[in-house]
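Peer 1: I would like to see how this sequence folds:
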Amino acid sequence: PWMVLGRDTFAGDLLARLGIRNVYAGHPGRYPKVPAAELAGSGCDLVVLPDEPYRFTADDGPEAFPGLPAALVSGRHLTWYGPSLAQAPQVLAAAVRAAL
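Peer 2: The predicted structure is shown next:
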């Protein structure tokens, strides 16, 4: 199974502030484990894959979601609070735009 952002997460809140709707935001778990088949039928139109704690790359990760654009994003800008947040909106938005 894949781990996704559920409710009440820092990264989920950050993505929401960028206008990205998380299809699992209403899930009772904060980091639910979801089978790939369920993800494929979730109704999402974008997959966001960070480079940490697991380093997703163009060759490792997006292929699990055929037909969906995948934004490869900086895990530091997505999940760390602190100085990196000053650049996070621009860095993450650019990665999402590049995927679409």
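Peer 1: The strand or helix carrying L72: which residues count as buried?
Peer 2: According to DSSP states H and E, L72 maps onto strand 70-73. Neighbour counts over strand 70-73 (16 or more other Cβ atoms under 10 Å) mark A70, A71, L72, V73 as buried. Bear in mind the C-beta positions are built from the backbone N, C-alpha and C, glycine included.
Peer 1: and it, what's its mean pLDDT?
Peer 2: Throughout strand 70-73, pLDDT has a mean value of 96.
Peer 1: Contacts for that strand, please.
Peer 2: For strand 70-73, the surrounding residues in contact (Cβ atoms under 8 Å, 6 or more residues apart in numbering) are 46-51, 56-58, 61-62, 91-92, 95-96, 98-100.
Peer 1: Derive a PyMOL selection command for the buried subset of those residues.
Peer 2: Here is the PyMOL command that selects the buried residues among the contacts of strand 70-73 (16+ other Cβ under 10 Å):
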select buried, resi 47+48+49+50+51+56+61+62+91+92+95+96+99
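Peer 1: circling back to that earlier point, let's see the strand holding L72 as CSV, backbone CA atoms only.
Peer 2: Extracted in CSV, the C-alpha atoms of strand 70-73 (Å, rounded to 0.1, in the frame of the first residue of the first chain):
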residue,chain,number,x,y,z
ALA,A,70,2.9,13.6,-11.0
ALA,A,71,4.5,16.6,-9.3
LEU,A,72,7.9,15.7,-8.0
VAL,A,73,8.4,18.1,-5.1
